[in-house]
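> whatever this is, show me its structure:
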Amino acid sequence: MRKFVTRGLLAILLAGVVGFSTPSRAETGHVAVVFTKGGFIVGVGGGEGVLDFRGKRYPFTVSGMSVGFTIGASTTKFVGRALNLKGPASIEGTYSTVGAGGAVAAGAGGVQLQNANGVILQLSGPKVGAEVSAAVGGVTVRLK
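Just a heads-up that it's a prediction; the model follows:
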């Protein structure tokens, strides 16, 4: 009986150590995006970006639309991180956000978006142009 208890305890301890040392399947990549947006009431925008992931570069396109209060036009050069990547293709999809922001002449913008794959884009960067918005929008990312 004593050997059985000792072996059982050893098995539980080893399982715990293996559980803690297992690497996470989700990874982080670096993202750079240039996004141009303009509109009056309905804002429309698009752009291009690059995902740096596991030492490789994956170009992608970005398109989006917002409905709500939008006046003007702006270009934003975002940089940031893509969290929870399971591979480069997991960055694809529609990202949702609800928010308000604005830039006059030159300012800074920041956003956090999430898609159905669980990928979170944390982006920030300078805005150039004159745009004020308080809108619900979505952004779609597609690998080239």
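> and Ala89, helix, strand or coil?
Under DSSP: H, G, I helix; E, B strand; the rest coil, the three-state class of Ala89 is helix.
> which one's the longest strand in the chain?
The longest strand of the chain (DSSP state E) is strand 56-85.
> got the buried residues for that one?
Across strand 56-85, burial judged by 16 or more other C-beta atoms under 10 Å covers 58, 60, 62, 64-66, 70, 72-78, 80, 82-85. Where C-beta positions appear, they are placed from N, C-alpha and C, glycine not excepted.
> also stretch 83-101?
In stretch 83-101, counting by 16+ other C-beta under 10 Å, buried: 83-85, 88, 90-93, 95, 97, 101.
> among these, which two are most distant?
When those are compared pair by pair using C-beta to C-beta, the farthest-apart members prove to be Pro88 and Gly101, with a separation of 28.4 Å.
> ramachandran angles for the nearest residue to Val33 once chain neighbours are set aside?
Computed as C-beta to C-beta, 6 or more residues apart in numbering, the closest residue to Val33 that is not its neighbour in sequence is Gly49, at 3.5 Å. Its backbone dihedrals place Gly49 at phi -160, psi 180, with angles given as degrees, to the nearest 10.
> again, but for Ala116
Its backbone dihedrals place Ala116 at phi -70, psi -20, with angles given as degrees, to the nearest 10.
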